[in-house]
Every structure is written in structure tokens, then in C-alpha cells.
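[1] Here is my input; please provide its structure:
(one chain, ligands or ions: 1)
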Amino acid sequence: LLINPAAGSRLILRAIENQPDLAVDLNVTNFDAALKDTLANYAIVEFFAHWCPACRNYRSQYAKVARLFNGANAVHPGIILMTRVDCANKINTKLCDQFSVSHYPSLYWAPPSKFVGGGWDGKNEKSEVQPIDDGRTADRLLKWINTKLESSYNLEDEKYEKDHPHLNVSDIGQIAHAVYDVEEATSIAFDIIFEHKMINPDTRSTLIKFMQLMVSHHPSRRCRVRSADILANFDDLYTSTKLPASKYESENSTGHGLLGKFGICGKEVPRGYWTFCRGSTNDTRGFSCGLWVLLHSLSVRVEDGESQMAFTTTCDFIHQFFICEECRQHFYNMCSRVSTPFSSTREFVLWLWAAHNEVNKRLKNTEESLKTSDPKFPKTIWPTKRLCPTCYSNLNQNEKSSSIDWDHDEVFKFLSSYYGSMLVSLNKEKDNKQIQIKRNAVSEQVLQSTNAFVVPAGAALAIAVASCLFGALACFWRSRQKNRKYFPKPQPLKDCPEEAEADETGILLVCKSK
Ligand SMILES: Cc1cc2nc3c(=O)[nH]c(=O)nc-3n(C[C@H](O)[C@H](O)[C@H](O)COP(=O)(O)OP(=O)(O)OC[C@H]3O[C@@H](n4cnc5c(N)ncnc54)[C@H](O)[C@@H]3O)c2cc1C
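    Residues are numbered from 1 along each chain as shown. Here you go, the predicted structure:
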């Protein structure tokens, strides 16, 4: 699977979907970007040469393991990104040298970020990049992984049919995988809004205010940047006829004009699968779970002074745009019961948490009586003692009791950390200065614009300026890609069979690279 190096790194990862061989082909032009971009905890890089018969034989073995971890139908998503690099392609020579590749295929293991700009020289024992010394068949590679992760993955594992030991939501670290789902839920929410043409004079201001909230506080950088772009061009995109179609790669203007084509978190999202919010069957959890996580992750990020605006915007957004009738009505009733305006983040965060628990409590009874619950994710009053023991004033208290004596300070601390830093802990992006400028500028405007019907001019300007900076960086990168004159054609290095060593398994050969 060869990918245009100019394509975005997420596109690279997405392109593996529906491919029989799900290992991701990387080369020197996209190696760092793809490994930086993945949210998987670990990566494996196979260095091979396309002329090497041992590598050709090994391909199907590697693919059997990649099926478990890569792609939309991964049985165990978000854990390992499995990639390969063709060292016989001359553009990759330096990259392969960095890893001291002496024979093909050679496999290396590390957290993805350790591959970026890194290497392996065989001398540094403390290096986090580690050669996989025994991965010559699919069974042996998986055994190596299982030993390393203390896991029990099996080549026969099928989606939904086995336990997902690494994706158990009662494990606190799993929230780090939810960034994927927050992006997914955001994209789906906006796709629904655009496809169902839900923007009208009554709903327009709510949408704009929610987007302003996202520009400032969405946990995913790509959603913040894209929301800012859309907000800055909202009127043009909405009417669409004012823009040349080529600018946004669209030929026609259906639905809400070009807005629907613009991808609120980028063109690659929604990807069509869930990670943290994945149910044990296809029709449970997913979008509504992702939407809750989005709301909670926004709530912990707002400033004290924004809390009342964030509350009303959240209530209006759910009321006007969540197409589950029962959900939006119930939620709005809970909103309507609030009589005193919020003056702090803490109040808003705890209100949303309590509202969610009220829904959990109601659904628990309904789902138990109708037997519609997801057996692996029954509704509970949350957080459980296991997730947050200090949230319970009295640890001897039954966590299933209807009136738990919460320690609200601890609950707030827990929520702030869980939906704050823990949620983005896998997301290695670093907010750069431009984002900060944009966030500050927009936050100010959000505060001032609780009744705005249009994007405030100042916010639009700030957003546009910041967007231009991103645009300039993107242009610079693209022009550098264009200026690369050519990629040399891959040349066969050696006639492998003469250099080959028999593998003791009798299945494979190993080709020497030098
Ligand atoms: C605004 C809103 C209102 C809804 N109202 C209804 C309704 O009236 N009727 C209906 O049938 N469905 C409703 N739903 C859907 C329902 O709440 C669940 O989202 C759905 O049943 C899937 O449940 P889940 O097991 O994935 O967990 P969800 O309830 O979706 O929760 C997602 C994750 O959030 C965390 N979480 C759970 N409780 C809390 C809490 N109190 N505070 C913070 N984090 C928590 C957990 O990690 C959980 O896995 C609503 C959804 C939303 C977004």
C-alpha cells in the first residue's frame, strides 16, 4: 500500500482501512508524521526489502498480527500501530541506517514517539527502541508482544467476541483513548446538523456559541483549528455561493452549502469506529457516549467567568441539535431546574456530572427491565469506588446506594484530571503560540457574546489571523514537498537468495542487508 507522501498523516492511517494487509507502509517522508500522529501506545516497525523473498514470505505473517491492531475493524484498537519501511527504496536508506538494519526483515518496538527522529545502534541498553528478537512467525510475534505487555492476545481474536483487556473503561488510563472518540462524536454531531439542515435563524446563534466554546476548549487540537477556520468563514461557507468551489474542494453546494463539506475536525474524521466508547455490540454506546465525553471535557476546560455561558450553550446545543427526542427533553428539563447562574467552573462541572448520573440512574432501571443494556457496560452511578475511592466520603458506603455521600471537592478534582490532563495524555500535540493567541482572543469574545447572532467581528479577525499563520505553515510545508525534484526509483540492492540465511523455523529466510 503506497501512500502519496503529501497526504496528511491521519490520511495515511485511514488509508489502511479495508485493505487486506493492514500494516501501514511508511517511508522517510511520512515516517515521523505517522508515528507522531498515532494515539496507539506502542508501534512496531518492520524494516524489509521488497526484493527479499524472506520478507515476501513474512508479509502474511505480519499481516495476521496487524489485523488485530490496525484499521477500522481492529480487534484491539489503539494499542499497537504496526508499520513497515522498505529499505530497498533508496529514499529510505538513511532511515534504515539510523536503525542499524543488518538483515531483513528486522522488527523494532517502542512507544511511537521514540521512533520519531530516533534510531537504534545496538549499544545503548537504555534505548526505548528495542529490536524484536523473535517475531519470525505471526504466533511468535504475538507471543513476544504478549510477554512484553503481559497480555493474552490471540490470533483468533474477533471483534466483540473476546474481552478487551486494554480497553476496560473501569481502568483509569483508558480515558486517554477517548480523544479519538471526542473527535468522532464532534464530527458526527456536526455532520448531523449539516445533513439535517438544522441551522436556521433560531438555532444559528447556539451553533456559533458552541463552536466558539470548541475553538477555545476542545481537547483535540485539530478540532479547535478547524472550528476556528469554519467560524472565521461561517457566513461564506453557510451560503457557499460566494466562494469558488475549488477553494474547499467541493463541486456543488448541497445541504448547508460548503459547511457540511468542511469537516469540523478535519476531513479524515469521522473515521467510522470507536475506541473508548466502543460497545460490546455494534449498536450500543458510540455516539452518545462520545457526546457525553465531549461535554465533560469542555466543562473542565472553561474558566470560572465562562461557566454560565458554557452551561446555557451546552443546554441549548443539546436541546436544539441532539436528535434523540427523549434525551434532549430530559436534558433540557434538568437545565431548566437551575435557578442560580453559575459563577465557577466547579459548579458547572459538578452540575454536568450530577445530570449525567441522573440519566444513568434512570437508564439503569429502564435497561435492566427491558434487558437492553450492554452487558459489558451496565449503567452505574459514576465514578465507581474503583475509579475514585476518595470521591466517596465514606468508603464503607455501598456504591450502588441511591444516596451516596460524595466528597464534592474530590469529585471535582477527579473530573478535572480525568477529563483534563488524562484525556489528552496520549495526544502528544503541543499547543503552539498561535493556538494560544487564538484561544485567548476567542475566549474574550465568547465572554462578550452571549447573545451574538453572528460571529463577532473581533473574534473572526483573531481567528482569521491565527488561521493564516497555520495556513502559512501549511503552504511552506507543501511548497517544500513540491520542490523535492524526484524520488529515485527503488533499485534492487542484491540478489537476496545468494545472501539468504535459512530460518530455523523452516518457514522463512532472512536476507542480509549489507
Ligand atoms: C446529553 C445526553 C442526554 C441523554 N439522555 C438520555 C435519555 O434521556 N435517555 C436515554 O435513553 N439515553 C440518553 N442519553 C444516552 C445515554 O446517556 C448514554 O450515552 C448511552 O446509553 C450510552 O451509554 P454508555 O454506557 O456508553 O455510557 P454514557 O452514559 O454514555 O457515558 C460515557 C462515559 O462517561 C463516563 N461517565 C458516566 N457517568 C458519568 C458522570 N456522571 N459524569 C462524568 N462522566 C461519566 C463513563 O466513563 C462512561 O463510560 C443521553 C446522552 C446525552 C449525551
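
[2] use CA for all of it now, contacts and neighbours both
    Will do.

[3] so which helix or strand takes in the residue in the stretch 301-450 of the chain that the ligand sits nearest to?
    Checking the stretch 301-450 of the chain residue by residue against the ligand with CA to the nearest ligand atom singles out Cys327 as nearest, at 3.4 Å. Element membership for Cys327, per DSSP states H and E: helix 325-336.

[4] What's the end-to-end length of stretch 279-290?
    End-to-end distance for stretch 279-290, by CA to CA, to the nearest Å: 12 Å.

[5] which element follows the helix or strand hosting Trp144 toward the C-terminus?
    In this assignment (DSSP H and E), Trp144 forms part of helix 138-149. For helix 138-149, the following helix or strand on the C-terminal side (DSSP H and E) is helix 178-195.

[6] Output the contacting helices and strands for the next helix or strand after that next one.
    Elements were assigned by DSSP H and E; along the chain past helix 178-195, the next helix or strand is helix 204-217. In this structure, helix 204-217 makes packing contacts with helix 221-232, helix 287-299, helix 307-321, helix 433-448, judged by 3 or more CA pairs under 8 Å, 6 or more residues apart in numbering; DSSP states H and E.

[7] what about the second one, average pLDDT?
    Meaning helix 287-299. Per-residue pLDDT over helix 287-299 has a mean of 97.

[8] Say whether the ligand is contacted by that helix.
    Yes: shown here: helix 287-299 in contact with the ligand (CA under 6 Å from any ligand atom) through 288-289, 291-293.

[9] Which single one of these is nearest to the ligand?
    The nearest one, if we look at those relative to the ligand and count by CA to the nearest ligand atom, is Cys289, at 3.2 Å.

[10] What count of nearby residues applies to the residue of the stretch 301-450 of the chain closest to the ligand?
    Here the count is done by other CA atoms under 10 Å, and Cys327 has 15 residues near it.

[11] Look up how far Arg362 lies from it.
    Using CA to CA, Cys327 is found at 11 Å from Arg362.

[12] so where's this structure shaky on pLDDT?
    Segments of the chain classed as low confidence (criterion: pLDDT under 70) are 1-20, 159-171, 239-261, 399-402, 426-514.

[13] how close does the residue sitting nearest the centre point of it sit to Gly71?
    The C-alpha lying nearest the average C-alpha coordinate of the chain belongs to Tyr180 (CA atoms, centre = their mean; 2.4 Å). Distance from Tyr180 to Gly71, counting by CA to CA: 13 Å.

[14] before we move on, back to that, and the helices and strands packed on helix 204-217 as a markdown table, adding mean neighbour count?
    Written out in a markdown table, the entries for the helices and strands packed on helix 204-217 read as follows (neighbours: other CA atoms under 10 Å):
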| stretch | mean neighbour count |
| --- | --- |
| helix 221-232 | 23 |
| helix 287-299 | 22 |
| helix 307-321 | 22 |
| helix 433-448 | 18 |
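
[15] TSV please, covering the ones you listed and showing distance to Arg346.
    As requested, the helices and strands packed on helix 204-217 are arranged in TSV below (distance: least, CA to CA, whole Å):
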stretch	distance to Arg346
helix 221-232	23
helix 287-299	9
helix 307-321	9
helix 433-448	18
